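A.B. asks: predicted model and sequence follow; I will ask about them next.
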Amino acid sequence: MQIKVNQKVVHKYLADGKIVSIDNDLFYVKFNRKKENLPFRKHEIGDILQLIPDIDNTKRKVVKIRKKKKENINYSYSTEKERINRDINQIIKERKIDELYHFTHLENLESILLDGLLSRKNLEKKNINAFINDKDRFDKHPDYISISVSFPNYKLFCKFRNEISSSKEDWVVIGISPKILSSYKEKLFTCHNAAHDLWKCNNDKLYGTAKSLENMFNKEIQNQDNYYYKIIKRSDLDIPVNYTTDPQAEVLIKSGIELEYITSIYSNSEKMKKYIDNKYLLSNKIIVLVNPNLFKMRSDYVYWKKREM
């Protein structure tokens with residue numbers, strides 16, 4: 001079949017699309033699921049990409065074929081997602097990950113208990129006036145919520161409490177179920193601070209796999225000190241199996257985190273716990289706990305401090 005502009009196509013994973021331009025052996029397709037046009041070579045037709053003939057007399061037949069292909073596409077996409085989520089569940093089990101964390105200012109707690117944790121983009125859409133910690137978002141992902149595995153990102157947590165708040169007590173840590181890691185929500189796993197890993201990468205798919213989750217616990221990582229990359233060995237950190245090697249490693253969840261995944265609210269003192277208990281009528285599914293350790297440095301703080309000296 002001759003390839004031409006405006007020719008309709010079906011992709012194995014990306015569903016329906018349309019050829020928008022042709023350049024020698026390359027042709028570019030616009031899919032509904034993607035913002036940018038994707039390039040293909042002619043020899044790829046028949047493998048993951050198929051052309052749909054636009055014959056008036058067989059319109060009903062074409063629609064039927066497309067419907068059948070869509071069912072196959074959805075099945076393949078679902079199967080791939082299920083495989084990734086099974087692998088993620090296995091890592092959660094092996095690493096004994098029982099909780100994820102997101103720190104936030106007390107001022108945001110009311111909206112969180114109403115709508116869950118929302119990305120900055122969703123906050124703007126809903127016209128919610130929130131206390132913003134990281135106004136720069138160098139990771140270039142304002143539609144994602146950042147969370148930490150097994151211990152909060154203490155480097156940023158301490159920085160924000162010292163620099164942008166009148167009181168260090170006016171903060172809470174939100175406890176999140178690890179089930180969200182194997183949910184069908186889009187997520188990214190970075191073995192360093194997300195701003196470090198993602199600002200120069202244009203392919204989020206590299207960070208959305210079970211392998212990228214396991215990379216957060218690598219035996220060795222490269223860390224930049226004064227413009228030089230140095231090898232950090234996990235064995236030198238003496239940390240639990242469920243701690244990420246880099247204390248600033250992050251998981252990014254797209255759009256937000258629903259209330260069903262929020263399990264706990266941690267305060268730094270009994271006084272703050274009582275304040276939260278009295279002010280908010282919480283469901284039995286979310287409990288308020290006092291845990292000062294989550295507001296301190298991680299156990300390997302001394303090692304990283306020496307590296308900075």
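C.D. replies: Okay, I see it.
A.B. asks: and the longest strand for this protein?
C.D. replies: Looking across the chain with DSSP state E, the single longest strand is strand 15-23.
A.B. asks: next one: whichever helix or strand comes after that strand to chain centre, how far?
C.D. replies: Sequence-wise, the next helix or strand downstream of strand 15-23 (DSSP states H and E) is strand 26-31. Counting by Cα atoms, centre = their mean, to the nearest Å, strand 26-31 is centred 28 Å from the centre of its parent chain.
A.B. asks: what pairs with strand 26-31, parallel or antiparallel?
C.D. replies: Strand 26-31 sits in its sheet next to strand 15-23 (antiparallel), strand 38-41 (antiparallel), going by DSSP bridges.
A.B. asks: show the average pLDDT along it.
C.D. replies: Strand 26-31 shows a mean pLDDT of 82.
A.B. asks: which SS class is Ile239?
C.D. replies: When classified by DSSP: H, G, I helix; E, B strand; the rest coil, Ile239 comes out as coil.
A.B. asks: which strands and helices sit next to the helix or strand harbouring Thr263?
C.D. replies: Assessed by DSSP H and E, Thr263 sits inside strand 262-267. With contacts taken as 3 or more Cβ pairs under 8 Å, 6 or more residues apart in numbering; DSSP states H and E, strand 262-267 sits against strand 171-176, helix 270-279, strand 287-290. Every residue, glycine included, has its C-beta placed from N, CA and C.
A.B. asks: any chance of these in CSV, plus mean pLDDT?
C.D. replies: Formatted as CSV, these follow (pLDDT from 0 to 100):
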stretch, mean pLDDT
strand 171-176, 96
helix 270-279, 91
strand 287-290, 94
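A.B. asks: highest average neighbour count across those?
C.D. replies: For the helices and strands packed on strand 262-267, the largest average neighbour count (mean count of other Cβ atoms under 10 Å) is found in strand 171-176, namely a mean of 24.
A.B. asks: just the buried residues of the helix or strand just after that one, please?
C.D. replies: Once the chain leaves strand 171-176, the next helix or strand it forms, by DSSP H and E, is strand 187-190. Across strand 187-190, burial judged by 16 or more other Cβ atoms under 10 Å covers 187-190.
A.B. asks: who does strand 187-190 pair up with?
C.D. replies: Sheet partners by DSSP bridges: for strand 187-190, these are strand 250-254 (antiparallel).
A.B. asks: just to revisit the earlier point, check the strands paired with strand 26-31 for me: which has the lowest mean pLDDT.
C.D. replies: strand 38-41 (a mean of 76).
A.B. asks: report the buried residues of that strand.
C.D. replies: For strand 38-41, by 16+ other Cβ under 10 Å, it's Phe40.
A.B. asks: ok, Pro240 - contacts?
C.D. replies: 96, 150, 299 (Cβ atoms under 8 Å, 6 or more residues apart in numbering).
A.B. asks: nearest to Leu123, of these?
C.D. replies: Set against Leu123, the nearest of those by Cβ to Cβ is Ser150 (26.5 Å).
A.B. asks: does the nearest residue to that closest one once chain neighbours are set aside count as helix, strand or coil?
C.D. replies: In this structure, Ser150 finds its nearest non-sequential neighbour in Asn242, 4.3 Å apart by Cβ to Cβ, 6 or more residues apart in numbering. Following three-state DSSP, the label given to Asn242 is coil.
A.B. asks: got the phi/psi numbers for Asn242?
C.D. replies: When read as degrees, to the nearest 10, the backbone of Asn242 gives phi -90, psi 10.
A.B. asks: wait, Gly112 sits on Ile176?
C.D. replies: Not quite, residue 112 is Ile, not Gly. No. Using Cβ atoms under 8 Å, Ile112 is not in contact with Ile176, being 11.1 Å away.
A.B. asks: now the common contact residues for these two.
C.D. replies: Ile262.
A.B. asks: returning to that earlier point: buried stuff in the longest strand of the chain?
C.D. replies: 15-19.
A.B. asks: cool, stretch 291-301 as well?
C.D. replies: Neighbour-count burial for stretch 291-301 flags 294-295, 297-298, 300 (criterion: 16+ other Cβ under 10 Å).
A.B. asks: same thing with stretch 92-103?
C.D. replies: Under the neighbour-count criterion of 16+ other Cβ under 10 Å, stretch 92-103 has 92, 95, 97, 99-103 buried.
A.B. asks: output that stretch as PDB, nothing but the C-alphas.
C.D. replies: Extracted C-alpha coordinates of stretch 92-103, given in PDB (Å, rounded to 0.1, in the frame of the first residue of the first chain):
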ATOM      1  CA  ILE A  92       8.800  -3.900  47.200                       C
ATOM      2  CA  LYS A  93       8.700  -7.300  48.900                       C
ATOM      3  CA  GLU A  94      12.400  -8.000  48.600                       C
ATOM      4  CA  ARG A  95      13.400  -4.500  49.700                       C
ATOM      5  CA  LYS A  96      10.800  -4.600  52.600                       C
ATOM      6  CA  ILE A  97       9.400  -1.200  51.500                       C
ATOM      7  CA  ASP A  98       6.500  -0.500  53.800                       C
ATOM      8  CA  GLU A  99       6.000   3.200  53.400                       C
ATOM      9  CA  LEU A 100       6.800   6.200  51.200                       C
ATOM     10  CA  TYR A 101       7.000   9.800  52.400                       C
ATOM     11  CA  HIS A 102       6.200  13.400  51.200                       C
ATOM     12  CA  PHE A 103       6.900  16.400  53.400                       C
END
